[in-house]
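**Student:** Sequence and computational prediction follow.
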Amino acid sequence: MGTFSIWHWLIVLLIVALVFGTKKLRNMGEDLGSAVKGFKKGMADAAGEPAKPEAVTQERHQDDENTIDVQAKEKSDT
């Protein structure tokens with residue numbers, strides 16, 4: 001009852017290819033690959049930039065370092 005041999009895996013692969021078809025398997029592989037790329041890109045973007053709210057912008061004046069002007073914008077529901 002140990003691990004399966006190479007012949008078992010080849011038969012399983014053949015049955016999966018017959019049931020799903022090679023085109024559908026190829027499309028699923030491409031979708032999975034693009035999802036992994038998108039995840040890696042998102043993780044790299046998140047690691048490179050600190051989270052910053054989009055609705056609030058801040059500006060510092062040069063004449064007074066303690067003064068911060070804040071402009072809040074309405075969030076659209078679209």
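**Tutor:** Sure, I can see it.
**Student:** Which residue, other than its chain neighbours, is closest to Val16?
**Tutor:** Leu25 (7.4 Å; C-beta to C-beta, 6 or more residues apart in numbering). Quick note: C-beta positions are derived from backbone N, CA and C, even for glycine.
**Student:** Could you check how many residues crowd around that neighbour?
**Tutor:** 14 (other C-beta atoms under 10 Å).
**Student:** That one and Leu13 touch, don't they?
**Tutor:** No. Leu25 lies out of contact with Leu13 (C-beta atoms under 8 Å); the separation is 9.8 Å.
**Student:** can you list the weak-confidence ranges in the protein?
**Tutor:** 1-2, 49-69, 77-78 (pLDDT under 70).
**Student:** could you pull out the helices for it?
**Tutor:** 6-20, 22-48 (DSSP state H).
**Student:** Nearest to Lys73 among those would be which one?
**Tutor:** Within those, the stretch nearest Lys73 is helix 22-48; the backing value is 22.4 Å (C-beta to C-beta).
**Student:** so what secondary structure elements neighbour that closest one?
**Tutor:** Applying 3 or more C-beta pairs under 8 Å, 6 or more residues apart in numbering; DSSP states H and E, we find helix 22-48 packed against no helix or strand.
**Student:** redo that, cut-off 10 Å
**Tutor:** Packing partners of helix 22-48 (3 or more C-beta pairs under 10 Å, 6 or more residues apart in numbering; DSSP states H and E): helix 6-20.
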